[in-house]
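Enquirer: what's the 3D shape of this:
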Amino acid sequence: MASPAAIDLAVVYEHPTWFEPLFQTLDRRGVAYQRLPLADLTWDPAASPPPAPVVLSRVAMSSFLRDPEHPIFFAQALFDHWQGLGARVINASALSIDSSKARQLSLIARLGLQGPETRVVHRQANLVRAAEGLRFPVLVKADIGGSGSGIVRYDDLEAIGAAARMGSAPVGVNGVSLVQEYAPRRDGEIIRVETLQGRFLYALKVESPGETFDLCPADACLARPGAAALTMTRFEPPAEIVDQVERLVQAAEVEIGSVEYLIDDRDGSSRFYDINGLSNFVADPLSVLGFDPHEALVDWLVEEIDRTKSQGAAA
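Expert: Residues are numbered from 1 along each chain as shown. Reported below is the predicted structural model:
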């Protein structure tokens with residue numbers, strides 16, 4: 001790792017192990033970078049210059065599962081501060097859409113695409129009214145989730161009413177919940193489409209047994225105790241889907257991330273249900289994909305470093 005005076009890139013992250021493949025690629029490529037974990041970070045709004053000309057955000061929405069003092073909103077304010085001082089903060093713009101499933105579904109609908117039928121509430125007392133008119137079973141989801149967390153299935157109004165009275169239904173750390181029709185995924189599969197610079201990078205077909213909602217395909221996710229056994233295969237989505245995914249991530253200002261969709265077994269429709277502003281890519285990428293997507297990511301980071309330096313020299 002480079003000395004502070006020579007740093008071109010800072011990687012800001014929360015999870016202690018998820019980004020080792022990225023760090024290994026940066027090391028191998030000789031990029032002058034700094035690892036910047038959020039856990040013990042503090043900053044001064046009247047000072048605290050950016051740690052590097054280019055900053056890469058690797059903030060995970062699931063961080064609230066690992067620490068109740070999570071950094072999601074802290075990071076949003078910090079990135080805004082650094083950007084105001086002239087830093088290029090890659091994927092900072094993705095935090096707004098990544099931190100709200102309600103915003104994601106609103107964007108999906110505005111672009112004329114289909115998502116699961118959903119109602120948004122901020123009080124448990126409104127759950128039953130929100131569920132009326134939806135086809136059961138329904139899911140109640142936390143607005144800020146991650147790794148399949150904060151999702152519970154209810155099979156009828158009585159069950160969701162009982163949860164509302166007990167105050168036990170999922171709610172996001174922002175106080176918002178979603179009531180959503182359960183769309184059975186055809187053949188137990190979802191498609192995760194990864195993008196870089198707003199463009200298609202690759203897609204995976206992810207199959208899991210049962211009804212698990214944790215479908216993270218990366219090494220660190222699969223190594224967790226109790227993680228679902230997933231089957232992952234490279235997949236080439238139809239050109240129409242690729243176009244729709246690219247429209248979604250560009251509109252969401254997600255510079256590196258993914259979109260997940262499923263084929264609704266009830267009617268064969270494609271339903272987009274998640275926009276992710278963080279990608280760990282896939283376990284064993286050479287075997288699954290035939291290439292390592294971290295190389296493409298680092299290629300782009302180097303381009304952004306060179307572009308930022310050129311702009312600075314010209315200023």
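Enquirer: outside of stretch 128-140, which residues touch it?
Expert: Contacts of stretch 128-140 from elsewhere in the structure, counted by CB atoms under 8 Å, 6 or more residues apart in numbering, are 117, 119-121, 127, 151-157, 160-161, 163-164, 169-170, 177-182. C-beta: built from backbone N, CA, C; applies to glycine.
Enquirer: strands along this protein, start to end?
Expert: 9-13, 33-37, 54-58, 88-90, 118-121, 138-142, 151-154, 177-181, 189-196, 199-207, 231-234, 256-263, 270-276 (DSSP state E).
Enquirer: of all the ones you listed, which one is nearest residue 299?
Expert: Taking CB to CB as the criterion, residue 299 comes closest to strand 189-196 out of the strands of the chain, the separation being 9.3 Å.
Enquirer: contacts for the closest one?
Expert: Defining contact as CB under 8 Å, 6+ apart, one finds that strand 189-196 is touched by 200-207, 215, 217, 235, 237, 241-242, 245-246, 249, 254-263, 279, 281, 293, 296-297, 300.
Enquirer: now, of those, which are buried?
Expert: By neighbour count, with 16 or more other CB atoms under 10 Å, those hold 200-207, 215, 217, 237, 241-242, 245-246, 249, 254-263, 279, 281, 293, 296-297 as buried.
Enquirer: re the thing from before, filter the contacts of stretch 128-140 down to the buried ones, ChimeraX style.
Expert: To isolate the buried ones among those in ChimeraX, judged by 16+ other CB under 10 Å, type:
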select :117,119,120,121,127,151,152,154,160,163,164,169,170,177,178,179,180,181,182
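Enquirer: return the helix or strand in the protein with minimum mean pLDDT.
Expert: Sorted by mean pLDDT, DSSP states H and E, the helices and strands of the chain end with helix 219-222, the least confident at a mean of 40.
Enquirer: export stretch 92-109 to CSV, keeping only CA atoms.
Expert: C-alpha atoms of stretch 92-109 as CSV (Å, rounded to 0.1, in the frame of the first residue of the first chain):
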residue,chain,number,x,y,z
ALA,A,92,-21.8,8.2,-3.6
SER,A,93,-24.9,9.0,-5.7
ALA,A,94,-26.1,5.4,-5.4
LEU,A,95,-26.6,5.7,-1.6
SER,A,96,-29.9,7.5,-2.0
ILE,A,97,-31.5,4.7,-4.1
ASP,A,98,-29.7,1.9,-2.3
SER,A,99,-31.0,3.0,1.1
SER,A,100,-34.7,2.8,0.2
LYS,A,101,-36.5,-0.1,-1.5
ALA,A,102,-39.5,2.3,-1.8
ARG,A,103,-37.4,4.7,-3.9
GLN,A,104,-36.2,1.7,-6.0
LEU,A,105,-39.8,0.5,-6.7
SER,A,106,-40.9,4.1,-7.5
LEU,A,107,-38.1,4.4,-10.1
ILE,A,108,-38.9,1.0,-11.6
ALA,A,109,-42.5,2.1,-12.0
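Enquirer: apart from its neighbours in sequence, what residue is nearest residue 250?
Expert: Once its chain neighbours are removed from consideration, residue 250 has its nearest residue in residue 198; the separation is 4.4 Å (CB to CB, 6 or more residues apart in numbering).
Enquirer: brain fart, residue 142
Expert: Ranked by CB to CB, 6+ apart and with sequence neighbours excluded, the top spatial neighbour of residue 142 is residue 150, at 3.0 Å.
Enquirer: surely residue 294 touches residue 281?
Expert: Yes. Counting by CB atoms under 8 Å, residue 294 does reach residue 281; the two are 6.6 Å apart.
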